[in-house]
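Q: need coordinates for the following:
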Amino acid sequence: MYVLWHIHYNEVMAAIFLVYLRNAGYCTRLVGLRGDRQPGRYGVTLAADITLGEVLRSQEPILGIVAPCAPGMFDSTEPDPRVGELLTRAQAQQAVFVAEDDHSAPQFPWPANTLAVSPETVSVLAAAQALVAHLRHRTAPPPAAGALP
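A: Sure thing, here's the model as predicted:
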């Protein structure tokens, strides 16, 4: 699972999805789209776990992509064309997509089944819980902590 990270993205949404997915046992990485430290919408700086280049070189399957920003903001703030490559690869692998809901934003090429999440904290919490439940039904649950392979 990858959570995309760039300047002015929603750090509340990013942190909630990171915590819920990691707590459920899914390898989830915060992907720095430009640099490893960027301030979020509310002034909190998050440090990325991995760069976009490292993600693109990885052969790991992509279960999902979380973009903690409105689609219109994604268009205007992300100058790196490699993001499209990541989204195309993820879609080919039938990954789950999550983005902040913004009906006024121009349409970014997200799949039609993208989970659009309201930025209110209670909605983000519910969406993170729903995503974990969906992943558990779609894939074998991750092993429990300390379990042998």
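
Q: how about low-confidence regions in the protein?
A: In the predicted model, the chain carries pLDDT under 70 at residues 71-79, 102-113, 139-149.

Q: at the geometric centre of it, which residue sits there?
A: In the chain, the C-alpha nearest the mean C-alpha coordinate belongs to V66, at 1.8 Å (CA atoms, centre = their mean).

Q: that residue contacts A15, doesn't it?
A: No - using CB atoms under 8 Å, V66 makes no contact with A15, being 10.9 Å away. Bear in mind the C-beta positions are built from the backbone N, C-alpha and C, glycine included.

Q: about what we covered before: doesn't the residue nearest to the centre of the chain lie inside a strand?
A: Yes - judged by DSSP: H, G, I helix; E, B strand; the rest coil, V66 forms part of a strand.

Q: now do the contacts for it.
A: M1, Y2, V3, L4, M13, A14, F17, V98, A99 (CB atoms under 8 Å, 6 or more residues apart in numbering).

Q: swap in 6 Å and give it another go.
A: V3, F17, V98 (CB atoms under 6 Å, 6 or more residues apart in numbering).

Q: number of nearby residues for the first one?
A: Residues within reach of V3, counting by other CB atoms under 10 Å, total 25.

Q: contacting residues around it?
A: For V3, the contacting residues are A14, F17, L18, L30, V66, by CB under 6 Å, 6+ apart.

Q: so it versus S58, what's the distance?
A: V3 sits 15 Å away from S58, going by CB to CB, to the nearest Å.
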